[in-house]
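Participant: below are the sequence and a predicted model; questions follow.
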Amino acid sequence: MRLFSTFLFAAATLGLATPQAQAASGCTSASYYGTPQDGYGYSSGKLITASGERFYPSQLTTAHRTLPFGTKLRVVNQHNGKSVIVRVNDRGPFVSGRGLDLSYGAFSRISNPENGLVRVCYTTV
């Protein structure tokens, strides 16, 4: 048990603590990427995310510029109150003014994809 406690202390000191240890929240604009009908390998799992995972548009994932991979976020649509829990597995978005790039599946849970962009608030869970 002492060895495990020492490991946790060292991991936290070196910044290697679990992703959920970093609390984050904010409000931003969110877009989506990778519809099941898109090319670019989205639907086939040929696209590899920054975390090294295959990207599938139906999974509940998101891209964030700085949060550690694996961080789980509750994302709430400010307009209709619908929410979804997503996991950070990619980097982005790379468009000014946007804070999250949701997978198509996650975006579809909180808004009509035809909107393309939605104002959301998020917090770690």
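Facilitator: Happy to help now that I have it.

Participant: residue contacts, the most centrally placed residue in the chain?
Facilitator: For the chain, the residue lying nearest the average C-alpha position, counting by Cα atoms, centre = their mean, turns out to be residue 62 (2.5 Å). When contacts are counted by Cβ atoms under 8 Å, 6 or more residues apart in numbering, residue 62 is found next to 30, 73, 75, 86-90, 100-103, 106. Placement of C-beta: from N, CA and C, glycine included.

Participant: in this protein, where is pLDDT below threshold?
Facilitator: Across the chain, residues meeting the criterion (pLDDT under 70) sit at 1-21, 36-45.

Participant: residue 51 and residue 68 touch, don't they?
Facilitator: No - in this structure residue 51 lies outside contact range of residue 68 using Cβ atoms under 8 Å: 9.6 Å.

Participant: who touches both of the two?
Facilitator: With the criterion set as Cβ under 8 Å, 6+ apart, the overlap between the contacts of residue 51 and residue 68 is residue 88.

Participant: in what helix or strand does residue 86 lie?
Facilitator: According to DSSP states H and E, residue 86 maps onto strand 83-90.

Participant: which residues are contacting that strand?
Facilitator: 19, 49-51, 53, 55, 60-64, 67-77, 101-103, 106, 109-110, 125.

Participant: now the strands for this protein?
Facilitator: In the chain, the strands defined using DSSP state E lie at 25-33, 61-63, 72-77, 83-90, 98-103, 118-124.

Participant: deepest of these, which one?
Facilitator: strand 61-63 (a mean of 26; mean count of other Cβ atoms under 10 Å).

Participant: what pairs with that one, and is each one parallel or antiparallel?
Facilitator: Within its sheet, and counting by DSSP bridges, strand 61-63 is paired with strand 83-90 (parallel), strand 98-103 (antiparallel).
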